[in-house]
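K.L.:
make a model of this:
(2 chains)
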Amino acid sequence: MIEVTNIHKSFGDNLVLDGIDAIFEPGKVSLIIGGSGSGKSTLLKCIVGLHQPNEGKVFFDKKEFTKMNFEEKVPIRKEIGMLFQNSALFDSMTVEQNIVFTLDMFTDMSKAEKIEQANFCLERVNLAGKNKLFPSELSGGMKKRVGIARAISMNPKYLFCDEPNSGLDPATSILIDELIQDLTEEYKCTTVVVTHDMNSVMGIGDYILFLYQGKKYWEGSNQDMLKSDNKELNDFVFASPLMKAARETLKIED
Amino acid sequence: MIFYYFGEYILLLKKVFRKPEKMKIYLKEVFHEMTEIGVGSLGLIVIISTFIGAVMTMQIAFQLVSDLIPTSVIGQINRDSNILELGPTISALVLMGKVGSSISSQIGSMRVTEQIDALEIMGINAAGYLILPKIIAGVIMVPVLVIVAIACALVGGLLGGALSGAVTPDDYIEGIRGGFNGFTMVVAMVKATVFGFIITSVPAYKGFHVRGGALEVGQAGTRAVVIGCISILACDYLITALML
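P.N.:
Alright, predicted model coming up:
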């Protein structure tokens, strides 16, 4: 479980996060949604320790992550898998080398065991046999899947995804969403996803945290969201005619 | 402002010299960087220093017009100039342009594409993993390249002197063998070691702290080379003043 309390973060005079509280449960896919500039990615970076919050605390299973030094954070970081918006694969390494990198660094596994684990991770994301390709030889969707394979190579307890669907076609987006949901159930990990994608919100959002101008405006499940009368949330989620029509249809069905 | 950047550089070095996560992987990286910096720059260093040696011989001969001065002095002046100044400094400035810009753009690209963030999330000391092997390789390989540069400059001087008729090979060799002070090589190696540290650490710092995109990565490379060259010249002066 990840708990964030009263997170404040500003860059110069620009206050980006203003007192965010949230609890992300294990075995569930938690989504952080909001408009551009609402502080979603900043919150994610504060949680994983890439940004130090000005105020507030982050707990990983009751352990206060924000007050730890670099060495103390390492055991927790070994349990974190993260998929970046642009995948952030090491471009001078092959797919296989990308996946075995953390195993090389932190385990005493033999070469055969590491390759076996890499093959398992690649099979898990439907990329078996792509071991020797370089990231530049992969499509956007394949890069995201390699990013996920790398993230799960150490059997993570916490999985973070920063806009996993950006730049992908709708079919590939759904595949990535399903993969994230399946992995969350399989590894029983605490998954936090930052997204703009409404298909993801409706499809995999067990818990949704809506940020507006750096503040928490709403939280709940995707089903609660359909019934919410929060104006800012409705303006954001049901901005498109398609989503409006979908909500009306669901209301009529209810 | 300069103190802010210097402080940031020192803090980065503090991170760089943390205990490595796995020595075996760092050693592999050190050997890889030694090949990149050393073997990759060998050809350039050989060509430049051979020509510098040849030109130096002809210029010294041109300036020493007195019949009272034996031509063997040309070899002696060429040797000492190359060991004390031209070998270490010109090699370092050339390497700053070649190796420094490469290090800065390599680390800068990793920063803007979030690869450094990815390393940190994995629990790896990104500064240590990316920069320490480069610094170790630089500190080992730049002195080796400087020795090669000095040797090539002396051979270049011999060829330049013989081809232009400025000095006979026998006189030149007599000159470079006469009155040799071994301490000049110590000074050269101290300079080369310090320059090796600057050539790798300054561009690494500029690349590691780059913000923005491809344009800023390029600008960081240019700034790294400029700052690195000025640092090399300042350290050159300091070491010369302190040791000679």
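
K.L.:
who's in contact with the residue in chain A positioned nearest to chain B?
P.N.:
Per CB to the nearest CB, residue A:77 is where chain A lies closest to chain B, at 3.3 Å. Every residue, glycine included, has its C-beta placed from N, CA and C. Shown in contact with residue A:77 (CB atoms under 8 Å, 6 or more residues apart in numbering or on different chains): A:49, B:120, B:121, B:122, B:123.

K.L.:
now it: how far from residue B:61?
P.N.:
Using CB to CB, to the nearest Å, residue A:77 is found at 64 Å from residue B:61.

K.L.:
before we move on, what about residue A:58?
P.N.:
Per CB to CB, residue A:58 is found 72 Å from residue B:61.

K.L.:
all strands for chain B, in order.
P.N.:
In chain B, no strands are defined using DSSP state E.

K.L.:
could you tell me which residues of it lie near chain A?
P.N.:
Taking CB under 8 Å from any CB of the partner chain as the measure of proximity, chain B contacts chain A at B:15, B:18, B:21-22, B:25, B:113-115, B:117-118, B:120-125.

K.L.:
helices and strands around the top helix by length along chain A, which ones?
P.N.:
When chain A is parsed with DSSP state H, its longest helix is helix A:170-187. Packing partners of helix A:170-187 (3 or more CB pairs under 8 Å, 6 or more residues apart in numbering or on different chains; DSSP states H and E): strand A:29-34, helix A:140-152, strand A:158-162, strand A:190-194, helix A:198-204.

K.L.:
how about 6 Å then?
P.N.:
Judged by 3 or more CB pairs under 6 Å, 6 or more residues apart in numbering or on different chains; DSSP states H and E, helix A:170-187 is in contact with helix A:198-204.

K.L.:
circling back: mean confidence for the longest helix of chain A?
P.N.:
Averaging pLDDT along helix A:170-187 yields 89.

K.L.:
wait, which of the contacts of residue A:77 is closest to residue B:6?
P.N.:
Looking at the contacts of residue A:77 and their distance to residue B:6, the nearest is residue B:120, at 23.5 Å (CB to CB).

K.L.:
the chain: helices as residue ranges?
P.N.:
Just going to use chain A. In chain A, the helices defined using DSSP H lie at A:40-48, A:70-77, A:95-106, A:111-124, A:140-152, A:170-187, A:198-204, A:222-227, A:231-237, A:241-253.

K.L.:
try chain B instead
P.N.:
Secondary structure of chain B (DSSP H): helices located at B:2-16, B:23-34, B:40-63, B:72-81, B:91-95, B:101-112, B:115-121, B:126-164, B:169-177, B:183-208, B:214-243.

K.L.:
in chain B, what residue lies closest to chain A?
P.N.:
residue B:123 (3.3 Å).

K.L.:
hang on, isn't that residue packed against residue A:79?
P.N.:
No - using CB atoms under 6 Å, residue B:123 makes no contact with residue A:79, being 8.9 Å away.

K.L.:
so those two - more neighbours on which side?
P.N.:
residue B:123 (22 against 17; other CB atoms under 10 Å in any protein chain shown).

K.L.:
what number of residues are in the vicinity of residue 222?
P.N.:
By default, I'm working from chain A. Residues near residue A:222, counting by other CB under 10 Å: 18.

K.L.:
wrong chain, I was asking about chain B
P.N.:
By other CB under 10 Å, neighbour count at residue B:222 equals 13.

K.L.:
what does the model give it for pLDDT?
P.N.:
Predicted confidence (pLDDT) for residue B:222: 95.

K.L.:
what separates the closest residue to residue B:97 other than its chain neighbours from residue A:189, distance-wise?
P.N.:
Nearest residue to residue B:97, sequence neighbours excluded (CB to CB, 6 or more residues apart in numbering or on different chains): residue B:225, at 5.7 Å. Going from residue B:225 to residue A:189 by CB to CB gives 45 Å.

K.L.:
and the helices of chain B, which is most packed in?
P.N.:
Mean neighbour count (mean count of other CB atoms under 10 Å in any protein chain shown) peaks for helix B:91-95 among the helices of chain B, with a mean of 25.
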